[in-house]
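Participant: How does the following fold in three dimensions:
(chains A, B, C and D)
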Number of protein chains: 2
Amino acid sequence: MLSQAAEDYLKSIYKLQEKGGKVSTGVLAEFLNVKPASVTGMIKKLESMKLIKYERYQGVTLTNAGKAIALEVIRHHRLLELYLFKALGMPWDGVHDEAEKLEHVISEEMEARMDAYLGYPTADPHGSPIPDKNGVVPKTESVPMTSLQEGQSCVVAEVNDSDSALLRHLGSFNLYPGTRFRVIEVAPFEGPFTIDVAGQQAVIGREVAKHILVDDIHDT
Amino acid sequence: MLSQAAEDYLKSIYKLQEKGGKVSTGVLAEFLNVKPASVTGMIKKLESMKLIKYERYQGVTLTNAGKAIALEVIRHHRLLELYLFKALGMPWDGVHDEAEKLEHVISEEMEARMDAYLGYPTADPHGSPIPDKNGVVPKTESVPMTSLQEGQSCVVAEVNDSDSALLRHLGSFNLYPGTRFRVIEVAPFEGPFTIDVAGQQAVIGREVAKHILVDDIHDT
DNA sequence: TGTAAAATTTAGTTATGCCTAAATTTTTTT
DNA sequence: AAAAAAATTTAGGCATAACTAAATTTTACA
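Facilitator: Residues are numbered from 1 along each chain as shown, chains lettered A, B, ... in the order given. A predicted model of the protein is given here:
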């Protein structure tokens, strides 16, 4: 059985790999909040297990076996988030931390039962796609909110799930996945976005906007 | 934060203390499936944290602080068992293993939400009492099935939750907590019990009967 | 292109919690 | 009460996964 630490490394490598760019020792260390020297150690271990490929001073890549485990953990995480949200009514800014702990310990049986209870969902409460049991990740074609122009309307597709302060902030504007809004104004020089959400105006800073992916864009 | 291993020690000490008799290094080791030498080590650690009291070569006792943690873990375990059984429909012989892992990682928030969902229950699917949030354990006055006489009728109060083969066996006779049955015959020389459960006869061996606690006994 | 800066790896340490084997203490038996 | 048996503790190791500090390799720039 794989350790929780190892599972976290694989999950992190997957996420960083997804964002593009090479997954270096330093980037991984930063992401996992450990020192680079510690990452070197775990990399060797995972490499010896054939879960990643590694070239000294270069970076890591997941093997098929490693990717399968990463996706399994991510599936657990997102199913748990949605389950805790829907079945237990936990707030969307609280489910991430809980899922982070539970994802490593639930059985396949429990995973399957949550999946069935939820009706085989394809996205968690933050809009992130839930890989299916075969490791197939639902396709999405969402883009960062920062690429929007004045006058465009769109639907929130996905928001970063790990920053609960951000999530509470978005919640205060009713900016949940599925919510449609329209860009009223984009302040010049990388300034904030003023948007209209269900008749209410809200001002969203650049940094926040980077963490919001949107979908179904229309020019109005 | 206390390690999972330490929590398991405290929980085990509590359970062994409950059964009466001194909780010696050897008994704890046997119960936890580790070697006595390992127990000595953890005992020292828990003692230094003032969670247990210990006298060399004598045995351990929980302090109030230690007992509080033990009861918290047991509360998690039993709430989880009932939750998995009721909310996710997991079989009663499967919930123990899952709860064993989850009990160490759920938050107080999740505990409270499961508690509310379940209507503040006082017993798990195997009839074991669920301590409340203040560590108060519901009183029960059940006795081992082995103390029954021929002709007596009673209700199943509690069965050992950790032996899933036993649970499946009992399930096949519909012997769940709350089920009433009557003793038809007790074979001599420590022999098996023949009982009547809802019109069906069943033969229950001594060893199995030891793991069944009963309640509400009537002579018929 | 050579040197300084940055990134990475190696070497050695720490903490947890388990193990075995040997030493010690307690209990039981004769 | 002494000797044998049983229980417990000590001593020394192992694996995991982190850390710091020092050495090495790569990259970047002047």
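Participant: Only C-alpha atoms from now on, for both contacts and neighbour counts.
Facilitator: Noted.
Participant: The closest residue to DNA strand C within chain A in helix, strand or coil?
Facilitator: Nearest residue of chain A to DNA strand C: A:Gly26, at 3.2 Å (Cα to the nearest atom of the strand). Put simply, A:Gly26 is helix when judged by DSSP: H, G, I helix; E, B strand; the rest coil.
Participant: Quick check: phi and psi at the closest residue to it other than its chain neighbours.
Facilitator: The spatial neighbour of A:Gly26 that comes closest, neighbours along the chain excluded (Cα to Cα, 6 or more residues apart in numbering or on different chains), is A:Pro36 at 5.5 Å. Per-residue torsions, A:Pro36: phi -50, psi -40 (degrees, to the nearest 10).
Participant: Just the pLDDT for A:Pro36.
Facilitator: At A:Pro36, the model reports a pLDDT of 97.
Participant: Just confirm it contacts A:Thr25, I think it does.
Facilitator: Yes: counting by Cα atoms under 8 Å, A:Pro36 does reach A:Thr25; the two are 5.9 Å apart.
Participant: Need the three-state assignment for A:Gly89.
Facilitator: A:Gly89 is classified as coil under three-state DSSP.
Participant: Next up, the contacts around it.
Facilitator: A:Gly89 sits next to B:Arg113 when contact means Cα atoms under 8 Å, 6 or more residues apart in numbering or on different chains.
Participant: From B:Ala112, how far out is it?
Facilitator: 11 Å (Cα to Cα, to the nearest Å).
Participant: Check the burial of the residue nearest to A:Gly26 by counting its neighbours.
Facilitator: Number of residues near A:Pro36 (other Cα atoms under 10 Å in any protein chain shown) recorded here: 16.
Participant: Which pLDDT value belongs to A:Gln58?
Facilitator: A:Gln58 is assigned 83 on the pLDDT scale.
Participant: so it sits right up against A:Ser24, yeah?
Facilitator: Yes: using Cα under 8 Å, A:Gln58 is in contact with A:Ser24, at 6.5 Å.
Participant: Tell me which stretches of chain A form strands.
Facilitator: A:52-55, A:59-62, A:143-144, A:152-159, A:180-186, A:193-197, A:200-204, A:212-219 (DSSP state E).
Participant: What residues does chain A have near chain B?
Facilitator: Proximity of chain A to chain B is confined to A:88-90, A:98, A:101-102, A:105-107, A:110, A:113-114, A:117 under the rule Cα under 8 Å from any Cα of the partner chain.
Participant: picking up where we left off before, neighbour count winner among A:Gln58 and A:Ser24?
Facilitator: Ranked by neighbour count (other Cα under 10 Å), A:Gln58 and A:Ser24 place A:Ser24 first, with 20 against 10.
Participant: Would you list the phi and psi of the more buried one?
Facilitator: phi -90, psi 170.
Participant: neighbours around the residue lying closest to it once chain neighbours are set aside, how many?
Facilitator: Spatial nearest neighbour of A:Ser24, excluding adjacent residues (Cα to Cα, 6+ apart): A:Gly59 at 4.4 Å. Using other Cα under 10 Å, A:Gly59 is surrounded by 18 other residues.
Participant: Based on its surroundings, how many neighbours for the residue of chain A closest to DNA strand C?
Facilitator: 16.
Participant: separation between it and DNA strand D?
Facilitator: Here A:Gly26 is placed at a distance of 11 Å from DNA strand D (Cα to the nearest atom of the strand, to the nearest Å).
Participant: Confirm for me that that residue is in contact with A:Ser38.
Facilitator: No: judged on Cα under 8 Å, A:Gly26 makes no contact with A:Ser38 at a distance of 10.3 Å.
Participant: out of the residues of chain A next to chain B, which are buried?
Facilitator: Neighbour-count burial (16 or more other Cα atoms under 10 Å in any protein chain shown) applied to the residues of chain A next to chain B gives A:Met90, A:Glu98, A:Lys101, A:Leu102, A:Val105, A:Ile106, A:Met110, A:Arg113, A:Met114, A:Tyr117.
Participant: Buried residues, stretch A:155-170. List them.
Facilitator: Quick answer for stretch A:155-170 (16+ other Cα under 10 Å): A:Val155, A:Val156, A:Ala157, A:Glu158, A:Val159, A:Asn160, A:Asp161, A:Ser164, A:Leu166, A:Leu167, A:Arg168, A:Leu170.
Participant: Flag the shaky bits of chain A, pLDDT-wise.
Facilitator: Within chain A, no stretch has pLDDT under 70.
Participant: in it, which spans are helices?
Facilitator: A:4-18, A:25-32, A:36-48, A:64-87, A:95-102, A:108-117, A:164-172, A:206-209 (DSSP state H).
Participant: What is the burial count for the residue nearest to A:Ser162 when sequence neighbours are not counted?
Facilitator: Counting by Cα to Cα, 6+ apart, A:Ser162 lies nearest to A:His96, which is 6.1 Å off, once chain neighbours are set aside. Residues lying near A:His96 (other Cα under 10 Å) number 24.
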